[in-house]
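Engineer: sequence first, then the predicted structure, then my questions.
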Amino acid sequence: MITYTALTPHPPLIVPSIGGSRISEVASTVQAMKALARELAATSPETLVVLTPHGNVFSDCITCLSEAVLYGDFKDFGSPDEGKSYNNDRELLGEIATRSVGEGINFINVDMECAANNRLRGTLDHGVLVPMHYVESALDYEIRLLPISTGFLSNLELYTLGKIIQESAAALGRRVAVIASGDMSHRLKAEGPYDYHPDGQAFDLRVKVLLETGDAPGILDLPAKLRDNAGECGYRSIVIMLGALDGLKFDSQVFSYEGPFGVGYLVAGFHPLQQAPSLLEELKQQEKKKLEAGRGSESEPVKWARMVLETYIQEGKIPKLPPKLAMLGQEKAGVFVSLKKNGQLRGCIGTISPVYDSLAQEIASNAISSGTRDARFFPLEKGELDQLIYSVDILGEAEECTRQDLDPSKYGVIVSTAGKRGLLLPDLEGVDTIDQQLQIALEKGGISPGENYKIERFEVKRYR
């Protein structure tokens, strides 16, 4: 069962061996952390799950340190103290990992060998160590620790992960507390770690109010642009934590909020109470209806891309082109097939010019590659197929141009030099200027902005 959940900041400055005399400048946060730790300890958890944004964080998966004994220290922050070791709850880890994969969430266990071979972190980061400093001081027994790194997944997937933590604890009969480790906006002051932005304070105050009132839907509905402008690092941790409270009424308590160094520090705790309707089921139904509505209005290229990928994943073969889609066998063009899952990119592969004898073959090949060979993502699982939204871009002829001839909303761009080439499709979310478009295309091609490169533009017909 979930005994308690909390949101804590993680500035190493609030650890006495690091902050020294400056710790007085964050006195409200320090006192709040002590009070919260006492509240958490009073619920007698056996295991503490800490959700950190500073571990091994990826765009398409969740990771967790899996060694039997977990170690971490503050030496990178100048602390003279010895590091700390904690026993990992590997049984709970196994349950969470199995259930996550069953829900279509990629979950990777990171041991020291995996970390060394893939240049990952194999020790505890400050997102875990800072709250642990306060929690263990309030406990009179050794608690097991499970450090889970957040990922850049959709809100639905993150919230589902929280629910999985709750269900895993119940399945094992384990008393589990969950800490969402994360700072609020890093843009509260011009002298802070990032440039000042007015959305920084707006984000922090909005989150504070929503957590005080226990408004989980309000948290999930916060605009992505507001979060990005705020420069926060705690939002995804909060979403997972709220998922761990799904189907439960809970009492909320905000212990403190301050931002003395241009970064918002919010300390809050949540006591689970009696059962309540599940928000997760409502979210899943909303997503299902949205997908079903989209499937009913699919264009011919998209129908074919989906038919091919679903047949390939489920049966290992490519279907025959149906007679009603025969028009796709009568022309040739370069094609990009893009896949999205819960609003997040899940794969995108394409060809700039035609490789096959027909558009149908071009779409089929790139649909399979998008789902199984995009190096940025794990290959698709069968359970993900009914969660995908497809789009197919059919490319027109590229023409050489200057940067002044570009328009990110209308034209895609190709940059090339000395055997290197980068392409970016048009009308992409978050790409609003020519400079942004060129920068991303150059990065994709491994081309330095200072190199002498050729620019080409092209139009696309986009089918959804």
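Structural biologist: Everything's here; your move.
Engineer: which residue ranges form the helices in the stretch 1-150 of the chain?
Structural biologist: Remark: helices assigned in the stretch 1-150 of the chain by DSSP state H, counting those that start in this stretch are 16-19, 27-41, 90-102, 112-117, 126-138.
Engineer: what's the shortest one packed up against?
Structural biologist: Other elements packing on helix 16-19 under the criterion 3 or more CB pairs under 8 Å, 6 or more residues apart in numbering; DSSP states H and E are absent; no helix or strand qualifies. For the C-beta atoms, the positions are set from N, CA and C on the backbone; glycine is no exception.
Engineer: now do that helix: distance to the chain's middle.
Structural biologist: Using CA atoms, centre = their mean, to the nearest Å, the mean C-alpha position of helix 16-19 is found 31 Å from that of the whole chain.
Engineer: show me what contacts residue 49?
Structural biologist: Residues in contact with residue 49 (CB atoms under 8 Å, 6 or more residues apart in numbering) are 92, 146, 147, 148, 165, 176, 177, 178, 179, 244.
Engineer: per-residue pLDDT, it?
Structural biologist: pLDDT for residue 49: 98.
Engineer: try residue 331
Structural biologist: Reading off the model, residue 331 has pLDDT 89.
Engineer: list the contacts of the residue lying closest to it once chain neighbours are set aside.
Structural biologist: Leaving aside its chain neighbours, residue 331 sits nearest to residue 359 (5.1 Å; criterion: CB to CB, 6 or more residues apart in numbering). Contacts here follow CB under 8 Å, 6+ apart; on that basis residue 359 touches 301, 328, 329, 330, 331, 332, 333, 335, 394.
Engineer: hmm, the last one is touching residue 459, no?
Structural biologist: No. Counting by CB atoms under 8 Å, no contact exists between residue 394 and residue 459, whose distance comes to 9.7 Å.
Engineer: re earlier: could you dump the contacts of residue 49 to a markdown table with neighbour count?
Structural biologist: Formatted as a markdown table, those follow (neighbours: other CB atoms under 10 Å):
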| residue | neighbour count |
| --- | --- |
| 92 | 22 |
| 146 | 26 |
| 147 | 29 |
| 148 | 24 |
| 165 | 28 |
| 176 | 26 |
| 177 | 25 |
| 178 | 31 |
| 179 | 29 |
| 244 | 27 |
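Engineer: among the residues you listed, name the ones in strands.
Structural biologist: 146, 147, 148, 176, 177, 178, 179 (DSSP state E).
Engineer: what are the bridge partners for the fourth one, then?
Structural biologist: So that's residue 176. residue 2, residue 47 (DSSP bridges).
Engineer: check the gap between it and residue 53 for me.
Structural biologist: To residue 53, residue 176 is 20 Å away according to CB to CB, to the nearest Å.
Engineer: again with the third one
Structural biologist: As judged by CB to CB, residue 148 and residue 53 stand 11 Å apart.
Engineer: please parse this structure into its domains.
Structural biologist: Per the record, the chain has its domains at 2-282, 298-394, 396-464, by automatic domain parsing.
Engineer: pull the distance from stretch 61-79 to the chain's centre.
Structural biologist: Using CA atoms, centre = their mean, the offset of stretch 61-79 from its chain centre is 20 Å.
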